[in-house]
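>>> Below are the sequence and a predicted model for it; my questions follow.
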Amino acid sequence: MKHTTQIELANRADQFLAEAGYIKPEEVRQVTIEDAVVDTGATRLALPKPIIERLGLTPIHSTPVRTTNGIVNRTVYSEVRFTVLEREGTLDVTELPADLPVLVGHVVLELLDLCVDIKKGLIYNPEHDGEWIIDEL
């Protein structure tokens, strides 16, 4: 069963510039995706190239990525702030081809203490009674 979620994304470098007063807060490049796929088989946060361009992210490096079609090289881009179910975090993002949806991987779920319930979809971790608890390494 495919589960989706809303995710808000903002260019973290733009946010730093706005916080320092170099740009106006309304100039921070951001986007809301209504139907991001919650993919527990994915590791990180992966965005199609057009969304990366819209956010104005900067390429950092290329890395091998395991996909359903085998191992391919993908570009990793600069950090975004993401919000899912009113919880926020930051991560570098991995590029996807333009025809794929936004993928919310298990690292995002771990950072935000979220779980996938087969019937309800994305939920707060029931082991923590709705509290946001992060496991230390």
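Great, that's in hand.
>>> Run through the residues that contact residue 106.
Neighbouring residues of residue 106 by Cβ atoms under 8 Å, 6 or more residues apart in numbering: 40, 42, 43. (Each C-beta comes from the backbone N, C-alpha and C, glycine too.)
>>> Quickly note the distance from it to residue 38.
To residue 38, residue 106 is 9 Å away according to Cβ to Cβ, to the nearest Å.
>>> This structure: helices as residue ranges?
12-19, 49-55, 106-112 (DSSP state H).
>>> what's the distance between residue 90 and residue 114?
In terms of Cβ to Cβ, residue 90 sits 16 Å off from residue 114.
>>> So if I had to pick from the two, which one is more boxed in?
residue 114 (21 against 13; other Cβ atoms under 10 Å).
>>> List the contacts of that one.
Counting by Cβ under 8 Å, 6+ apart, residue 114 has contacts 84, 85, 87, 108, 122, 123, 124, 125.
>>> ok, the residue nearest the centre of the chain to residue 133 distance?
Taking Cα atoms, centre = their mean, the centroid of the chain lies closest to residue 45, which sits 3.8 Å from it. Residue 45 sits 21 Å away from residue 133, taking Cβ to Cβ as the criterion.
>>> cool, residue 109 as well?
Taking Cβ to Cβ, one finds residue 109 at 13 Å from residue 133.
>>> out of those two, which sits in the more crowded spot?
Between residue 109 and residue 133, counting by other Cβ under 10 Å, residue 109 is the more crowded of the two (20 against 11).
>>> ok, back up a step: now the helices of the chain as a markdown table including distance to residue 69 and mean pLDDT?
Shown next, in a markdown table, are those (distance: least, Cβ to Cβ, whole Å; pLDDT from 0 to 100):
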| stretch | distance to residue 69 | mean pLDDT |
| --- | --- | --- |
| helix 12-19 | 30 | 97 |
| helix 49-55 | 17 | 97 |
| helix 106-112 | 20 | 93 |
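>>> Identify whichever of those helices lies nearest to residue 33.
With Cβ to Cβ, the closest approach to residue 33 among these belongs to helix 49-55: 7.3 Å.
>>> Packing partners of that closest one?
strand 3-11, strand 30-38, strand 87-96 (3 or more Cβ pairs under 8 Å, 6 or more residues apart in numbering; DSSP states H and E).
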